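Peer 1: predicted coordinates and the sequence they were generated for:
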Amino acid sequence: MRTLSTLAVLMAFCCLRPAASAEPAVTLNVWPGKPPGVTKELPPEGDTTKESDNLIAGRRLQRIGNVSTPTLAVYRPAAEKDTGAAVVICPGGGHHILAYDLEGTEVAEWLNSIGVTGVVLKYRVPARDPEQRWRAAVQDAQRAVSLTRSKAEEWKLDAQRIGILGFSAGGETAGLAAIFEERQYEPVDEVDQVSTRPDFAVLVYAAGFVEKDSATLKDYVKLTSQTPPMFLVHAIDDPVPVANSLVLTLGLKQAGVPAELHVYSTGGHGYGLRKTEQPVTHWADRCGEWLRESRLLQPKP
């Protein structure tokens, strides 16, 4: 009985641990020095997850807090699968923390499986500016796109197939990085001579695009024919209003921008890529189809 009891404890402990993932091929700082904007002393960066925190699909997740030094972790697909496309990944977390494995490294693993390089962005949290909580995150995301594109030759990427993907607050970050035509910081080096605009965007249960309790886009969300194509996912019962994705998609249509929206009746929020019986958790299958139909997964020359 003692052996069985020990085994049960070990199995329970394993279920609480984050899923293992491959080591990144490259990890580098987003900025050559201190990031722009508001700076303040924070406690050390680390996983803030508690034993009492909720599990997702029966598994623990990493909640990384107090990020002051943004980084990129680059995960490469197998050489025989590599299409040359790349995606900068922005985990969510309400601009408080980053759900780093659930909405970061696990997403990179999926992208690798379809031949795409996954570039996980660890952007600054918590938010520095209470009036524009997205600002530091968007600065980091814009710089991440420029940095990834600047490395296209070195990393054997197609510089015209650099996308961005984000969840929740990371969806706001990714979406604004795709929408904004102007850099949200002063250039600091030659990397900033490279375009910040991704070539496509994937937004999953994205927040922050509509005014509170309304169906109106915020005044700084200005969509034009130059806005990149987007794929969006949302559940109607999500506490983050589905209007964020609905109204944004309608705006994209009015601007003449290709967009695909998948709305599910149930599913809630924060499921990442962890599949359950809920149909919404299979959104990556639909996204893979969209990427193929959009010719973004063509083999690299």
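Peer 2: Thanks, I have it. Numbers count the residues shown, from 1 in each chain.
Peer 1: from now on I want contacts and neighbour counts done on CA atoms only, so please keep to that.
Peer 2: Will do.
Peer 1: tell me the buried residues in stretch 119-133?
Peer 2: For stretch 119-133, the neighbour count (16 or more other CA atoms under 10 Å) marks 119-128, 133 as buried.
Peer 1: in strands, which of those fall?
Peer 2: Among the buried residues of stretch 119-133, the ones falling in strands (DSSP state E) are 119-122.
Peer 1: need the residues you listed in CSV (columns: pLDDT and distance to Asp158).
Peer 2: Output for these, formatted as CSV (pLDDT from 0 to 100; distance: CA to CA, whole Å):
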residue, pLDDT, distance to Asp158
Val119, 98, 14
Val120, 98, 18
Leu121, 98, 19
Lys122, 98, 23
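Peer 1: which among the residues you listed gets closest to Gly33?
Peer 2: Nearest to Gly33, judged by CA to CA, of these is Lys122 at 15.7 Å.
Peer 1: show me what the closest one is bridged to.
Peer 2: Per DSSP bridges, residues listed as beta-bridge partners of Lys122: Thr71.
Peer 1: heads up, I number from 41, so please use that
Peer 2: Shifting the count to begin at 41 puts that one at Lys162.
Peer 1: what's near enough to touch it?
Peer 2: 107, 110-112, 130-131, 138, 140 (CA atoms under 8 Å, 6 or more residues apart in numbering).
Peer 1: so Glu146 touches Ala324, yeah?
Peer 2: No. Using CA atoms under 8 Å, Glu146 is not in contact with Ala324, being 11.7 Å away.
Peer 1: who has more neighbours out of these two?
Peer 2: Just comparing Glu146 and Ala324: by other CA atoms under 10 Å the higher neighbour count belongs to Glu146, 21 against 18.
Peer 1: wasn't the more buried one part of a strand?
Peer 2: No. Under DSSP: H, G, I helix; E, B strand; the rest coil, Glu146 sits outside any strand and is assigned helix.
Peer 1: residue ranges with poor pLDDT in the chain?
Peer 2: For the chain, applying pLDDT under 70 flags the ranges 41-61, 78, 341.
Peer 1: can you give me the helices for it?
Peer 2: With DSSP state H as the criterion, the chain has helices at 42-56, 146-153, 175-190, 192-195, 209-219, 283-294, 323-333.
Peer 1: and for Glu146 and Ala324, which residues touch both?
Peer 2: Common neighbours of Glu146 and Ala324 (CA under 8 Å, 6+ apart) are Leu313.
Peer 1: can you report how many residues neighbour the nearest residue to Trp323 once chain neighbours are set aside?
Peer 2: What sits nearest to Trp323 in space, not counting adjacent residues and going by CA to CA, 6 or more residues apart in numbering, is Val273, at 7.1 Å. Using other CA under 10 Å, Val273 is surrounded by 24 other residues.
Peer 1: unless I'm mixing things up, Val273 is touching Leu243, no?
Peer 2: Yes. With contact defined as CA under 8 Å, Val273 and Leu243 form a contacting pair (6.5 Å).
Peer 1: so what's Arg175 up against?
Peer 2: 167-169, 224.
Peer 1: closest to Pro83 out of the helices of the chain?
Peer 2: Pro83 lies closest, by CA to CA, to one member of these: helix 175-190, at 17.7 Å.
Peer 1: and the angle for the closest one with helix 209-219?
Peer 2: Calculated by axes from the mean of the first three to the mean of the last three CA atoms, to 10 degrees, helix 175-190 forms an angle of 60 degrees with helix 209-219.
Peer 1: got the CA coordinates for helix 175-190 in PDB?
Peer 2: Extracted C-alpha coordinates of helix 175-190, given in PDB (Å, rounded to 0.1, in the frame of the first residue of the first chain):
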ATOM      1  CA  ARG A 175       2.100  50.800 -24.300                       C
ATOM      2  CA  ALA A 176       5.200  48.900 -22.900                       C
ATOM      3  CA  ALA A 177       4.000  45.600 -24.300                       C
ATOM      4  CA  VAL A 178       3.300  47.100 -27.800                       C
ATOM      5  CA  GLN A 179       6.700  48.700 -27.800                       C
ATOM      6  CA  ASP A 180       8.300  45.300 -27.000                       C
ATOM      7  CA  ALA A 181       6.200  43.600 -29.700                       C
ATOM      8  CA  GLN A 182       7.000  46.100 -32.400                       C
ATOM      9  CA  ARG A 183      10.700  45.800 -31.600                       C
ATOM     10  CA  ALA A 184      10.300  42.000 -31.600                       C
ATOM     11  CA  VAL A 185       8.900  42.000 -35.100                       C
ATOM     12  CA  SER A 186      11.600  44.300 -36.400                       C
ATOM     13  CA  LEU A 187      14.300  42.200 -34.600                       C
ATOM     14  CA  THR A 188      12.900  39.000 -36.000                       C
ATOM     15  CA  ARG A 189      12.700  40.400 -39.500                       C
ATOM     16  CA  SER A 190      16.200  41.800 -39.200                       C
END
